[in-house]
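Undergrad: output the structure for:
(one chain, ligands or ions: 1)
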Amino acid sequence: MRFETLCLHADENKKDEWGTLTMPICQSATFVHKGVDVPSEYSYSRLSNPTRAHLEHTVAVLEGGAAAFAFSSGMAAITTVMKALPPNSHVIASDDLYGGSLRLFRNVNTFEGMRFDFVDTGDIGKVEALIAEDTRALYIETPSNPLIQVSDLAALSSLAKKHNLLLIVDNTFLTPYFQKPIALGADIVVHSGTKYLGGHNDTLAGFAVCRTAELAERLGYYYKTFGSCLAPFDSFLIERGIKTLPLRMNAINANAQKIASWLRGREEVKKVYFVGFEDHAGYAVTKRQTTGFGGMISFEVKDVQLVNRILANVKVFQYAESLGGVESLVTYPMKQTHADVPKEEREARGINDRFLRISVGVENVDDLIEDLEQAIIS
Ligand SMILES: Cc1ncc(COP(=O)(O)O)c(C=O)c1O
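TA: Numbers count the residues shown, from 1 in each chain. Sure thing, here's the model as predicted:
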């Protein structure tokens, strides 16, 4: 089956005795045992639940992994993956990351004995130079949040194999519809399922997908122990979102290309960060490892007053923190997603008070462009 079909029919085992077409919400914390030592598929919903298992199966198939775990948020997934690394691991991570991941690595994992180096993971030489005795993993966002930097996953995978490291990839921005990290050599794929997979800005979720059954066994132990699993109702909502993932991603992809080009033509805009521009530094790698550019665009305006005008006056775009849903959002990273990154570091990287990030939705693209235009000139 092809991707679009798998989004609906990946789990052939879901048929139940009632013949329900959609997987029902199995709202039960526990399951009755048939007898002492009689094996049963489900025992307790922290360990496994039919609705969640159905979703996990779908996500594992879409990402091409041996198994997937569904978490209560993207951060729960990333936290559990980090906990499952050997004690005192050194991790080399992309220097442009979602602010919450950075906060976890720097302010929590580091105090627990882990060591991190942050580098432009698009530069393989720089990554290799940082590999040390205690290095255990590479942690990559591509394209990255919010500077839309690109890393070459196949090259990083070769490097990881050469040095016996795990390659962990956050695939939130492109989803398996546009990018399949495991096929390119990744060992673990993480997601904020809150974003494109769920797709409707109504449910928090996270995923960790493992390439091998051995990795899944290790991660599964931490998963059942920490207990940050996705609830049955939320599993149902994310599964429902995935059914339309290709449709939404196609619409978002087309809208984003038009909006990025329009923004680039505006004299009020100093710089547009969009992976679909042919002069983007990562364009060649993007064309090789993805089948679409996604819906994330960041841009810097020339005047800070303009930021206030845009955020106050948008009517179709909503000024809100998040991304990947059907509704278009505009985010002010300095005050929202990246507020915990030290100011000097943030500004040196270009995430200043004139920097905005938009997540393009599925509205009519002319309405979106007109909305930005009226907000800019009002
Ligand atoms: C790239 C990326 N990874 C992970 C996360 C964390 O996901 P969640 O908010 O579902 O915990 C986010 C959240 O914005 C994100 O943008």
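Undergrad: and the residue nearest the centre of this protein?
TA: residue 172 (1.7 Å; C-alpha atoms, centre = their mean).
Undergrad: quick check, pLDDT for that one.
TA: Predicted confidence (pLDDT) for residue 172: 98.
Undergrad: does it really touch residue 195, like I thought?
TA: Yes. Shown here, residue 172 and residue 195 form a contact pair, counting by C-beta atoms under 8 Å, at 5.2 Å. Bear in mind the C-beta positions are built from the backbone N, C-alpha and C, glycine included.
Undergrad: now do the shared contacts for the two.
TA: Common contact partners of residue 172 and residue 195 (C-beta atoms under 8 Å, 6 or more residues apart in numbering): 74, 324.
Undergrad: residue boundaries of the strands in the protein?
TA: 67-71, 90-94, 115-119, 135-141, 166-170, 188-192, 206-210, 269-273, 296-301, 318-319, 329-331, 355-359 (DSSP state E).
Undergrad: switch these over to JSON lines; also include distance to residue 16 and mean neighbour count.
TA: Below are the strands of the chain laid out as JSON lines (distance: least, C-beta to C-beta, whole Å; neighbours: other C-beta atoms under 10 Å):
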{"stretch": "strand 67-71", "distance to residue 16": "19", "mean neighbour count": "26"}
{"stretch": "strand 90-94", "distance to residue 16": "42", "mean neighbour count": "23"}
{"stretch": "strand 115-119", "distance to residue 16": "45", "mean neighbour count": "16"}
{"stretch": "strand 135-141", "distance to residue 16": "38", "mean neighbour count": "23"}
{"stretch": "strand 166-170", "distance to residue 16": "34", "mean neighbour count": "25"}
{"stretch": "strand 188-192", "distance to residue 16": "27", "mean neighbour count": "29"}
{"stretch": "strand 206-210", "distance to residue 16": "24", "mean neighbour count": "29"}
{"stretch": "strand 269-273", "distance to residue 16": "47", "mean neighbour count": "18"}
{"stretch": "strand 296-301", "distance to residue 16": "38", "mean neighbour count": "23"}
{"stretch": "strand 318-319", "distance to residue 16": "39", "mean neighbour count": "16"}
{"stretch": "strand 329-331", "distance to residue 16": "37", "mean neighbour count": "22"}
{"stretch": "strand 355-359", "distance to residue 16": "36", "mean neighbour count": "25"}
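Undergrad: grab the nearest non-local neighbour of the residue nearest to the centre of the chain.
TA: Closest residue to residue 172 apart from its sequence neighbours, by C-beta to C-beta, 6 or more residues apart in numbering: residue 192 at 4.6 Å.
Undergrad: and the closest residue to the ligand within the chain, how many neighbours?
TA: With C-beta to the nearest ligand atom, the shortest gap between the chain and the ligand falls at residue 74, namely 2.3 Å. Neighbour count for residue 74, taken as other C-beta atoms under 10 Å: 25.
Undergrad: wait, it touches residue 197, no?
TA: No. The criterion here is C-beta under 8 Å, and residue 74 misses it with residue 197 at 9.9 Å.
Undergrad: alongside the ligand, which residues does the stretch 51-200 of the chain contribute?
TA: 73-75, 98, 100-101, 141, 145, 170, 172, 192, 194 (C-beta under 6 Å from any ligand atom).
Undergrad: actually the stretch 201-350 of the chain, not the one I wrote
TA: Counting by C-beta under 6 Å from any ligand atom, the residues of the stretch 201-350 of the chain near the ligand are 204, 206.
Undergrad: 8 Å instead, please
TA: 204-206, 321-324, 337 (C-beta under 8 Å from any ligand atom).
Undergrad: for ChimeraX, what selects the buried ones among these?
TA: In ChimeraX, this line selects whichever of those come out buried by 16 or more other C-beta atoms under 10 Å:
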select :204,205,206,322,323,324,337
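Undergrad: CSV for the residues of the stretch 201-350 of the chain next to the ligand, including pLDDT?
TA: Output for these, formatted as CSV (pLDDT from 0 to 100):
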residue, pLDDT
204, 98
205, 98
206, 98
321, 94
322, 95
323, 97
324, 98
337, 83
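Undergrad: residue 62 reaches residue 7, doesn't it?
TA: Yes. Under the criterion of C-beta under 8 Å, residue 62 makes contact with residue 7 at 6.9 Å.
Undergrad: okay, and the common contacts of those two?
TA: residue 242.
Undergrad: which of the residues of the stretch 51-200 of the chain next to the ligand has the weakest pLDDT?
TA: Minimum confidence in those sits at residue 145, scoring 91.
Undergrad: next, count neighbours for that one.
TA: Residues within reach of residue 145, counting by other C-beta under 10 Å, total 27.
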